[in-house]
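**Q** Below are the sequence and a predicted model for it; my questions follow.
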Amino acid sequence: MKEYAEAFDALSRLLVYPSGNYHQQLDQCSKAVAALKDVPSEIGKKIQEFANATQDLTTAELEELYTRTFDINPISSLEVGWHLHGETYERGAFLVSMRSLLYRLHIEESTELPDHLSHVLQALARMDPLEGSSFISNKVLKALDKMLEGFADHSSPYEKILSALKELLTHYASSYAGV
């Protein structure tokens, strides 16, 4: 389980607004995913494709890519609750439950909303495997499917990260469903 926690935390750092050490974080993520046993090799390949596509980008170019991918195009936003519930009361309830979950797991909120995928991944890294597996199956994978649909009209290297994440979470959920 510890290996998955490290991979989830590493992936969460790739899904926030890029900083000056983004390439180092990407390298750490690749290593964390490579350390996982029995996961499909396609996951690591997709992360490497993302690394190849972004290796020559400056921090400013990475920031622009992130903004263009996730902030300007709401269909590919990283807010899980928005993809599950839209702008409804249910989303508000989901935000409250996520804030409570983050508090329970001692995760400090960032400037992002509590349902941001980076927070969700940090929570999954700290959840009991059975609870995490259920949360993935019932919430996160459904939201990821909708996020990935957002790339139908535009391309971005971030699609590789989200696709790799979906495969990793699917593998995790199926591996730990009966724990």
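**A** Sure, I can see it. Numbering: from 1, shown residues only.
**Q** give the contact list for the residue nearest the centre of the chain.
**A** The centroid of the chain falls nearest to Leu117 when counting by Cα atoms, centre = their mean (4.7 Å). Taking Cβ atoms under 8 Å, 6 or more residues apart in numbering as the criterion, Leu117 is in contact with Ser12, Leu15, Leu78, Glu79, Val80, Ala143, Met147. C-beta: built from backbone N, CA, C; applies to glycine.
**Q** Make JSON lines from those and add secondary structure to it.
**A** Shown next, in JSON lines, are the contacts of Leu117 (DSSP: H, G, I helix; E, B strand; the rest coil):
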{"residue": "Ser12", "secondary structure": "helix"}
{"residue": "Leu15", "secondary structure": "coil"}
{"residue": "Leu78", "secondary structure": "coil"}
{"residue": "Glu79", "secondary structure": "strand"}
{"residue": "Val80", "secondary structure": "helix"}
{"residue": "Ala143", "secondary structure": "helix"}
{"residue": "Met147", "secondary structure": "helix"}
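**Q** gap between the nearest residue to Leu78 once chain neighbours are set aside and Asp56?
**A** Spatial nearest neighbour of Leu78, chain neighbours left out: Leu117 (4.2 Å); criterion: Cβ to Cβ, 6 or more residues apart in numbering. Plainly put, Leu117 is 25 Å away from Asp56 if you go by Cβ to Cβ, to the nearest Å.
**Q** Ok, Phe94 next?
**A** From Phe94 to Asp56 the distance is 38 Å (Cβ to Cβ).
**Q** list the buried ones in the longest helix along the chain?
**A** Ranked by number of residues, the top helix in the chain under DSSP state H is helix 158-176. With burial defined by 16 or more other Cβ atoms under 10 Å, the residues of helix 158-176 counted as buried are 158-173, 176.
**Q** List the contacts of Ile136.
**A** So Ile136 contacts Leu124, Leu169, Thr170, Tyr172, Ala173 (Cβ under 8 Å, 6+ apart).
**Q** Tell me which stretches of the chain form strands.
**A** In the chain, no strands are found when defined by DSSP state E.
**Q** low-confidence ranges in it?
**A** 1, 177-179 (pLDDT under 70).
**Q** what ranges do the helices span in it?
**A** 2-14, 22-34, 41-54, 59-66, 80-85, 89-104, 117-126, 129-135, 141-149, 158-176.
**Q** Brilliant, that's me finished.
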